Each structure stands twice: as structure tokens, then as C-alpha cells.
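Colleague: I would like to see how this sequence folds:
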Amino acid sequence: MTKIQKVVGTAFVVAEFRNDENTQAHPLYRDPYVHLFLDRETKEAADRISQSFPPIRNNVRLRTRYFDDRLRHQIDQGRRQILILGAGLDTRPQRIAAEGVAYFEIDAPETQAFKKTKLEASDVDPNTTYIGADYVTDGMIDLLRENGCDFRLPTHVIWEGNTMYLNEAFVCQILTDLMRHIERCSVSFDYMAENVISNATGDPEITSVVERFAAMGAPWTYGIDNLAELAARCGASVLDRATLADLHRTYWPDQPLTSPLYGYYTLCTLQNAVAL
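Modeller: Just a heads-up that it's a prediction; the model follows:
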């Protein structure tokens, strides 16, 4: 299975971009498993996406480090369940396994079957509970309950590369459900600014990359301008946030910021508004 189209297909493009870091002398992370999912077609698709806008590849490299860091921190703080929404070809259950920590992934059944087959063919334990479904429309909370997720346990949620494909109602629904049902919950996710979605940045390169995702059948449809207000509406508070530009300056201080997109792309972590 290598379907480089629609939102499911973006998983392969992201995996190619994530694999870039494995070639670096001083990497932000190592992913020894991602190569299992890649082939000539995935490379060509990733090259097409980044052809007119090479900095898009750095988005994935930097955000991977952010989500890895937040995950490790939350595990150190006592999180015992990790939920990955729209997991795609995420390899954190294999890369960041921890004793007493259970992983759950929700994504399209065909993506999960592909990933499971590739991992097991290389004698890699998937180390996760796969839930083949659409977490937005198929009832996320019921799906988790039916598959053994314990809402009383401290839980961290990774929601990477998803919000820009949804709308405000769905994003609010997911966040509200997580905060309402899981007693001690933190959620790390990324989002674009609204003017990226509406093509109002005035930057032709940003417009070009938005158009390339749309041409692949995976248009960006939602952006966030006021994170604190959104969090409050969903029963959450902002634990931290950073633009990609902030991460670039932190991890690559000697490299110039090559795109204004870095300032329009934010990563954040929310938690329950009232600690229980």
C-alpha cells in the first residue's frame, strides 16, 4: 500500500520528511523504523510537495522534536497512557517505549494494517493498540472505552498534523471530549494561522505549498488565531506554545530562517483547565 493521495496519503509524505533527520550529523532525533514504510513512490511524492517550497520539510523535522520532547516530559510526569490521533506512520510507540506506559492509535484501518505488517515483517513489536476508525466521526470516546483505555489514568495525547484538515466545530469537539472524559489529560498539537488557510499572507511560496496539498486531495481548511480562547471554550488551559520560528532559533541558532511560514505555524500543549 502506497497511496499518495488525500489525507491518508500525507502520512507517507510526512514520513519521508521525518526520515530526512536520519541523514544529519547532529540530528534532532533518530527514527530507525520510518524507512520501513518508504519507497520510490513516497520519495517522488515528497519531492513534488517540497519542490517549490523546500522549507516545508523542516516543518516536520522540527515538530517531530517538539512532540518527542513533550511526550518524554509527560511520561516523566507520570502519564501512563498515550493516545495518538490520526497516527499515520508515527513510530513513537516503538521509539519511545516506556515500562508501564500503554499506547493507543486511532487512524484509518488500511494505514494501520500497512504499518503493522511492515513492522512485524522486520520483527519490530508495534507496542500499541490499533483502533481502525475515524476519530472525528466514529465516536472517539466510545472507541477508546471499547479498546481498553482507562479514563482515570493520566493520559497524554499527540495530535500531530491533523487540525489543519478539520474545521472549528470538529477541533472543539475533540478537545472538549478529551478534557471532559479523561481526568488528567494533556494534548500536544500543531496548527496553522488563519491567514495561511485563507491565502492572506501575501507570500507566494506559502500560497504555493497550500495549493500543492490541495492538489493532492488534502486541502488545509482550518487555522487558529486565538489559542487561549479556544482552549477556554474546550475546558482546557495552555501549558506551552511555540512557533516553528521559535523552535528553529532554539535548535538551529546558526541557520537563517528561510521562510515566513515558520512564524505562522504553531505547536502547543494544553491540559485540563482544573487539575483533578
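
Colleague: any idea which helix or strand comes after the one helix or strand Y103 maps to?
Modeller: Per DSSP states H and E, Y103 falls inside strand 102-107. Heading C-terminal from strand 102-107, the first helix or strand you meet, by DSSP H and E, is helix 109-121.

Colleague: averaged pLDDT, that next one. What do you get?
Modeller: Averaged across helix 109-121, pLDDT comes to 95.

Colleague: for S188, helix, strand, or coil?
Modeller: Assigned by DSSP: H, G, I helix; E, B strand; the rest coil, the conformation of S188 is strand.

Colleague: what about it, distance to V101?
Modeller: Here the criterion is Cβ to Cβ, to the nearest Å. By it, S188 lies 15 Å from V101. In short, each C-beta sits where N, CA and C put it, glycine included.

Colleague: looking at those two, which is more packed in?
Modeller: Using other Cβ atoms under 10 Å as the criterion, S188 and V101 rank with S188 on top: 23 against 19.

Colleague: how about the residue most central in space within the chain, what does it touch?
Modeller: Nearest residue to the geometric centre of the chain (Cα atoms, centre = their mean): E160, 1.2 Å. Contacts here follow Cβ atoms under 8 Å, 6 or more residues apart in numbering; on that basis E160 touches 63, 67, 84, 86, 90, 188-190.

Colleague: neighbour-wise, which one of those residues leads?
Modeller: Counting neighbours by other Cβ under 10 Å, D90 leads the contacts of E160 with 28 neighbours.

Colleague: need the phi and psi values for the closest residue to that residue other than its chain neighbours.
Modeller: Of all residues not flanking D90 in the chain, I84 sits nearest, at 5.4 Å (Cβ to Cβ, 6 or more residues apart in numbering). In terms of degrees, to the nearest 10, the main-chain angles of I84 are phi -110, psi 110.

Colleague: beta partners for I84?
Modeller: With DSSP bridges applied, I84 shows beta-bridge pairing to E105, I158.

Colleague: so how far is D123 from it?
Modeller: For I84, the distance to D123 - Cβ to Cβ - is 22 Å.

Colleague: over to A102?
Modeller: 21 Å.

Colleague: the more surrounded of these two?
Modeller: A102 (18 against 6).

Colleague: what's the distance between the more buried one and Q81?
Modeller: 5 Å.

Colleague: kindly report the same for G161.
Modeller: G161 is 21 Å from Q81, by Cβ to Cβ.
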